[in-house]
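K.L.:
quick check, what structure comes out for this input:
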Amino acid sequence: MCGHFATHDGALVAALGPTQGVSVVCILGVLASVLPYAREARQTDWRAVALWWVPTLVISLLLGAALAGVDARLLSALSGVAVLVAVALLARGRTSVRLAGRRGAVLAGAVSGAMNLI
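P.N.:
Numbering: from 1, shown residues only. I've put the predicted structure just below:
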């Protein structure tokens, strides 16, 4: 689910059901991410925001569309394995120069978006 409301995810899903609950949590997560920009609009570098958000949104939408027909259990298992592998690599001190900076942030955002769809 969307991390901003991790402490409330269960209650919202229980109250609203799985489909609406997850949707509401994700919408609240987006609002929690966007509202600080509205408050700090004068100091926000909107070009930089677009350079980060647009590619991430496009990649996330494409991944979501591509994964729409795949069995949810398989996707859940694959994402669980991916998380465990990433944690193991980080615990061993492994880093990647190729994934530093914007490229890594865009990839992380796209993977996060795809995992939220699962």
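K.L.:
ramachandran angles for the residue in the chain sticking out farthest from the centre?
P.N.:
Ranked by distance from the centre of the chain (C-alpha atoms, centre = their mean), the top residue is residue 42, with 26.4 Å. The phi and psi values for residue 42, taken as degrees, to the nearest 10, are phi -70, psi -30.
K.L.:
run through the helices of this protein in chain order.
P.N.:
Taking DSSP state H to define them, one finds helices in the chain at 9-16, 18-39, 46-67, 72-91, 102-117.
K.L.:
tell me the most buried of those helices?
P.N.:
The highest average neighbour count among the helices of the chain, using mean count of other C-beta atoms under 10 Å, belongs to helix 102-117 at a mean of 16. The C-beta positions use only the backbone N, C-alpha and C, and glycine is treated the same way.
K.L.:
which strands or helices does that one pack on?
P.N.:
Packed against helix 102-117, as judged by 3 or more C-beta pairs under 8 Å, 6 or more residues apart in numbering; DSSP states H and E, are the following elements: helix 46-67.
K.L.:
I'd say residue 60 and residue 110 touch.
P.N.:
Yes - counting by C-beta atoms under 8 Å, residue 110 is a contact partner of residue 60 at 5.1 Å.
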